[in-house]
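> sequence-free structure coming up:
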């Protein structure tokens, strides 16, 4: 019988994504909750352990601000 999987809690943070101003000079922002983010070619991907929560073209991002820890997510350890 295989051993039962071990789990651990991973922190989930709130990230604010500030986009570069558009042609009218308007700067928008978006808030997302994720374990973290990574760049994958032209995309910045905010994700949790199971699926992507937000994908943004990296060239449109001016700044990413990590806020407070807002939750945890249980994940299996390998």
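Arrived safely. Predicted model, so just to flag it, every value in this text is computed and none were measured. Numbering: from 1, shown residues only.
> other residues contacting the helix or strand of the chain with the lowest mean pLDDT?
Within the chain, no helix or strand scores below strand 52-57, which has a mean of 90 by mean pLDDT, DSSP states H and E. The contact list for strand 52-57 (C-beta atoms under 8 Å, 6 or more residues apart in numbering) reads 17, 19, 30, 32, 33, 34, 42, 43, 44, 45, 46, 47. (Glycine included, C-beta is placed from N, CA and C.)
> now do 10 Å
Contacts to strand 52-57, defined as C-beta atoms under 10 Å, 6 or more residues apart in numbering, come from residues 12, 15, 17, 19, 30-35, 37, 40-47, 64.
> buried stuff in it?
Residues 53, 54, 56 are the ones in strand 52-57 that count as buried (16 or more other C-beta atoms under 10 Å).
> state the distance from the first one to residue 6.
Look at residue 53 and residue 6: by C-beta to C-beta, to the nearest Å, they are 25 Å apart.
> got the angle between the longest strand anywhere in the chain and strand 52-57?
Once the chain is assigned using DSSP state E, the strand that runs over the most residues is strand 61-76. Angle of strand 61-76 versus strand 52-57, following axes from the mean of the first three to the mean of the last three C-alpha atoms, to 10 degrees, is 160 degrees.
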